[in-house]
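> Kindly generate the corresponding structure for this input.
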Amino acid sequence: MKWRGWSPQIQVNYMIDENHSFGAYYKWDNHPWQNFSGWLNTESYEDDRYRELSESNIYQQTTFKKHIFNAYYNGKVGKLGIDFNVDGLFDSTSDPNGTEEHITDAEGNKTFRKVDNFTKSKNRFWATKLVLTYPIAKGTLTLGGEYSYNNRTDSYSYQSEQQLPVTNSDTRIRESMTAGFMEYGRNFGRLFAQAGVRYEYLYTGYFESGKRQDEMSRKYGDWFPTALLSMPLGKVQLSLSYRQDIMRPEYGNLTNSTIYINRYTYQTGNPYLRPAYSHVVVLNAAYKALNFVVNYSYTKDVATLVTEPYPGSDDPLLSIIHPVNTKDGYDKLVINPSFRPTIGKWHPLWSAGWILQNYKTLTASGKEMTMNRPFWQFVWNNDIELPADIRLNACLQLTTKGDYDNLRMTRTACNLGLGVQRDFALKALGKLTADLRCYDIFNTNKSGVTIYGIRELTSYNPSRRYFSLDITWKFNEARSKYRGTGAGQEQKARM
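Next comes the predicted model:
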């Protein structure tokens, strides 16, 4: 995978006085091309008899442009604090990709199939957010409102000499979200308590080829409470929090386009996806450089990828991969201790995460199975400061076998990366930073997963060592800290 691009940005801050400031920020991301190539080999059997082999060469070339804008006002009138932000995001992605597939049957007969896919997407997004704070009864009351609007378009077409069970598509999603929130927090001696609530109303209009689709257009109105208790116990800082979350589907998963992967498999989105809701309780204990977190969550309607028979096909081996909402809710427990000391010029981080769930899924036999095999994630990161503005980084990541949603990880993956970073002072021209890194040095980051469902899909990915070099040039950096906090962050993350 290779990236070529540049990201110029402009940032302006202006302080009228100590109580009033405003500013603006603009960034342009431009990546003229990104190349990716790989292979996908599939052996098929019917009644335990070898049927055929599919060998596919896959390519992808992506062009990406994005404009990001933020303007803010931060001020104080008497005891009233004011924080106002306006955000804009405008991007376009062109993603031609395709497959060159060689098929050999049990008798040695060979056939060839070439499919070229053409996908494009655009976002036209605006958001505003106003937050007011005021001291009341030895505490602080926070009131605010937020509004966002996005116009999302996705188009898909393909070229192939063979007739495929897919059609060209042109979809548009117009989505607006209005929210209001209130929060109050204060100290009761050593105990700090905070409670809040947020209401969101979201409207989604779904259009195909310019025509509104009523069944796919949705309206949601939801309340989201939060609560927090925090206090020191000796030298240990303890906190216990609760929140209700919503995870709305990514825009890419709402498309109706169906893309050819190989002879047996197609992939599509699901415009009928619903949001996933979760209740989250977090216990946190911190002592100097040591941190310990216990996270429990209950989630329902989570979106997961499943493999099913292709609708209307007579070929029993033809499958479709698409996201669906789960039938049942499930619990997840994460225990994550970490230690981040500073030893002279050495800044290490040791972290361990233990993840356990009780996700229920159907299997190919038609029986229900509980996915409850826990797994570990270990991280050992090292940042070392050297003379002459040089920094070294070494990071080891290890993920064991286990279950995550309806995925069963069947291999332990280990990834060791090394990097060196150097700053070059250019005086009046600013500062140049070079960052050279090598990922997966020993080719040990191999992965294997089985996706359970009505049909089971098993995938093995080999390790791949690769290098990256990033050059960053910063000039005329603002001397004061930029105070823009942004708006519509959750909506932008779905893009």
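> center of the protein - which residue?
Nearest to the geometric centre of the chain sits residue 493, at 6.9 Å (C-alpha atoms, centre = their mean).
> distance of that residue from residue 325?
Plainly put, residue 493 is 19 Å away from residue 325 if you go by C-beta to C-beta, to the nearest Å. From N, CA and C alone the C-beta is placed, and that goes for glycine too.
> partners of the helix or strand encompassing residue 179 in the sheet?
In the assignment (DSSP states H and E), residue 179 maps to strand 169-188. Using DSSP bridges, the strands paired with strand 169-188 are strand 139-160 (antiparallel), strand 191-208 (antiparallel).
> how about TSV for those strands, with mean pLDDT and distance to residue 64 added?
Formatted as TSV, these follow (pLDDT from 0 to 100; distance: least, C-beta to C-beta, whole Å):
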stretch	mean pLDDT	distance to residue 64
strand 139-160	96	15
strand 191-208	97	24
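> Just send the ones you listed back as CSV, with distance to residue 329 and mean neighbour count too.
CSV is the format used below for the strands paired with strand 169-188 (distance: least, C-beta to C-beta, whole Å; neighbours: other C-beta atoms under 10 Å):
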stretch, distance to residue 329, mean neighbour count
strand 139-160, 28, 17
strand 191-208, 20, 16
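> neighbours around the closest residue to residue 239 other than its chain neighbours, how many?
Leaving out its chain neighbours, the residue that sits closest to residue 239 by C-beta to C-beta, 6 or more residues apart in numbering is residue 230, at 4.1 Å. As a burial measure, residue 230 scores 17 neighbours (other C-beta atoms under 10 Å).
> In contact with residue 230, which residues are there?
Contact analysis of residue 230 by C-beta atoms under 8 Å, 6 or more residues apart in numbering lists 191-192, 237-240.
> how about JSON lines for the residues you listed, with distance to residue 92 added?
Listed next are the contacts of residue 230 as JSON lines, based on distance: C-beta to C-beta, whole Å:
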{"residue": "191", "distance to residue 92": "51"}
{"residue": "192", "distance to residue 92": "46"}
{"residue": "237", "distance to residue 92": "46"}
{"residue": "238", "distance to residue 92": "48"}
{"residue": "239", "distance to residue 92": "42"}
{"residue": "240", "distance to residue 92": "45"}
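> And the residues you listed, which is closest to residue 120?
If you rank the contacts of residue 230 by distance to residue 120 using C-beta to C-beta, residue 239 comes first, at 45.5 Å.
> partner residues bridging the closest one?
Beta-bridge partners recorded for residue 239 (DSSP bridges): residue 230, residue 284.
> I'd say residue 443 and residue 463 touch.
Yes - look at residue 443 against residue 463 with C-beta atoms under 8 Å: they come within range, at 4.1 Å.
> Confirm residue 249 sits in a helix?
No - Residue 249 is assigned coil when assessed by DSSP: H, G, I helix; E, B strand; the rest coil, not a helix.
> Per-residue pLDDT of the closest residue to it other than its chain neighbours, please?
Distances taken as C-beta to C-beta, 6+ apart place residue 273 nearest to residue 249, at 4.2 Å, with adjacent residues excluded. For residue 273, the model assigns a pLDDT of 95.
> and after the worst-scoring helix or strand of the chain on mean pLDDT, which helix or strand comes next?
Within the chain, no helix or strand scores below strand 2-6, which has a mean of 54 by mean pLDDT, DSSP states H and E. Counting by DSSP H and E, the next helix or strand C-terminal to strand 2-6 is strand 9-17.
> For that following strand, buried residues please.
residue 13 (16 or more other C-beta atoms under 10 Å).
> Kindly point out the strands partnered with it and how each is oriented relative to it.
Counting by DSSP bridges, strand 9-17 is paired with strand 20-46 (antiparallel).
> got the residue ranges for the helices in this structure?
489-493 (DSSP state H).
> got the contact list for residue 123?
Applying C-beta under 8 Å, 6+ apart, we find residue 123 in contact with 89-91, 150-152, 251, 495.
> quick one: which two of these are the most distant?
90 and 251 (14.3 Å).
> Who has more neighbours out of those two?
residue 251 (20 against 15).
> can I assume the more buried one is in contact with residue 152?
Yes - with contact defined as C-beta under 8 Å, residue 251 reaches residue 152; the gap is 5.1 Å.
> Can you give me the distance of the nearest residue to residue 483 once chain neighbours are set aside to residue 136?
Closest residue in space to residue 483, ignoring its immediate chain neighbours: residue 74 at 4.7 Å, by C-beta to C-beta, 6+ apart. Noted for residue 74: a distance of 21 Å to residue 136, by C-beta to C-beta.
> For the two, indicate the residue with more neighbours.
A direct count of neighbours by other C-beta under 10 Å for residue 74 and residue 136 places residue 74 higher, at 20 against 11.
> Low-confidence stretches in the chain?
1-7, 475-480 (pLDDT under 70).
> at 80 what do you get?
Across the chain, residues meeting the criterion (pLDDT under 80) sit at 1-11, 32-34, 36, 46, 428, 462-464, 472-482.
> Grab the longest strand from it for me.
As assigned by DSSP state E, the longest strand anywhere in the chain is strand 49-77.
> Now do the buried residues in it.
Neighbour-count burial for strand 49-77 flags 52-54, 56, 58, 60, 62-66, 68, 70-74 (criterion: 16+ other C-beta under 10 Å).
> Ok, stretch 417-430 next?
Neighbour count says stretch 417-430 has 417, 419, 421 buried, by 16+ other C-beta under 10 Å.
> nearest to residue 85, of those?
Comparing the buried residues of stretch 417-430 against residue 85 with C-beta to C-beta places residue 421 closest, at 31.7 Å.
> Just confirm that closest one contacts residue 393, I think it does.
Yes - taking C-beta under 8 Å as the definition, residue 421 is a contact partner of residue 393 at 7.1 Å.
> sorry, back to before: put the alpha carbons of the strand holding residue 179 into CSV.
Extracted in CSV, the C-alpha atoms of strand 169-188 (Å, rounded to 0.1, in the frame of the first residue of the first chain):
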residue,chain,number,x,y,z
SER,A,169,-26.6,2.2,-8.3
ASP,A,170,-26.8,5.9,-7.4
THR,A,171,-27.9,6.6,-3.8
ARG,A,172,-28.2,9.7,-1.7
ILE,A,173,-28.6,10.2,2.1
ARG,A,174,-29.8,13.5,3.5
GLU,A,175,-29.5,13.4,7.3
SER,A,176,-30.1,16.1,9.9
MET,A,177,-29.5,15.8,13.6
THR,A,178,-30.7,18.2,16.3
ALA,A,179,-29.7,17.7,20.0
GLY,A,180,-30.0,19.4,23.3
PHE,A,181,-28.1,18.6,26.5
MET,A,182,-27.9,19.5,30.1
GLU,A,183,-25.3,18.6,32.8
TYR,A,184,-24.7,19.6,36.4
GLY,A,185,-21.7,18.8,38.6
ARG,A,186,-20.5,19.8,42.0
ASN,A,187,-18.3,18.7,44.9
PHE,A,188,-19.7,17.3,48.1
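> The chain should start at 403 in everything you say after this.
Noted, 403 is the first residue going forward, which turns the last one into strand 571-590.
> picking up where we left off before, please state the offset of the longest strand of the chain from the chain centre?
Mean C-alpha position of strand 451-479 versus that of the full chain (C-alpha atoms, centre = their mean, to the nearest Å) differs by 10 Å.
> what helices or strands is that strand leaning on?
Strand 451-479 sits against strand 422-448, strand 482-507, with contacts defined as 3 or more C-beta pairs under 8 Å, 6 or more residues apart in numbering; DSSP states H and E.
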